[in-house]
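Enquirer: Show me how the following folds:
(one chain, ligands or ions: 1)
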Amino acid sequence: MDTETVARERIERLRELAEEATLADRDDRARRYVRRARRIAERNRLGLPREFTRFTCDSCDAYLRPGRNARVRLQDGHVVVTCDCGAQARYPYD
Ligand SMILES: [Zn+2]
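Expert: The predicted model follows:
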């Protein structure tokens, strides 16, 4: 397996772990997984998968769980996600 494949698999595994940690109310642990995945992506010059970028906060690295640590609303054909830290991200609605 080449290093890019290995890196992508590690990132996906860390995303799953971050999701599980958030569901278990372990937000700090989730942030550590998110940060680790970001570092792996940077080091390997990989883009992060869409599920990763949409469910993480660029500002505080939280793994976002709408209804608990994030609010989601629709505005002008966009999805606007607001993290509890106040950071907002907008994505085209699809
Ligand atoms: Zn945040």
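Enquirer: how far does stretch 84-94 sit from the chain's center?
Expert: Chain-centre distance of stretch 84-94: 12 Å, with C-alpha atoms, centre = their mean, to the nearest Å.
Enquirer: Contacts only, for the residue sitting nearest the centre point of the chain.
Expert: The structure's the chain has its C-alpha centroid closest to T56; by C-alpha atoms, centre = their mean the separation is 2.6 Å. Contacts for T56 were tallied using C-beta atoms under 8 Å, 6 or more residues apart in numbering; they are A18, V34, A62, Y63, L64. No exception for glycine: its C-beta is placed from N, CA and C like everyone else's.
Enquirer: and if we set it to 10 Å?
Expert: For T56, the contacting residues are 15, 18, 30-31, 33-35, 37-38, 48, 62-64, 81, 83, 89, by C-beta atoms under 10 Å, 6 or more residues apart in numbering.
Enquirer: Any figure for the gap between it and E19?
Expert: 10 Å (C-beta to C-beta, to the nearest Å).
Enquirer: what is in contact with those two at once?
Expert: A30, Y33, V34, Y63, L64.
Enquirer: Looking at those residues, spot the one nearest the ion.
Expert: Set against the ion, the nearest of the shared contacts of T56 and E19 by C-beta to the ion is L64 (7.8 Å).
Enquirer: Those residues of the chain touching the ion, which are they?
Expert: By C-beta under 5 Å from the ion, the part of the chain that sits against the ion consists of C57, S59, C60, A62, C83, C85, A87.
Enquirer: Of the residues you listed, which belong to strands?
Expert: Counting by DSSP state E, the residues of the chain next to the ion place C83 in strands.
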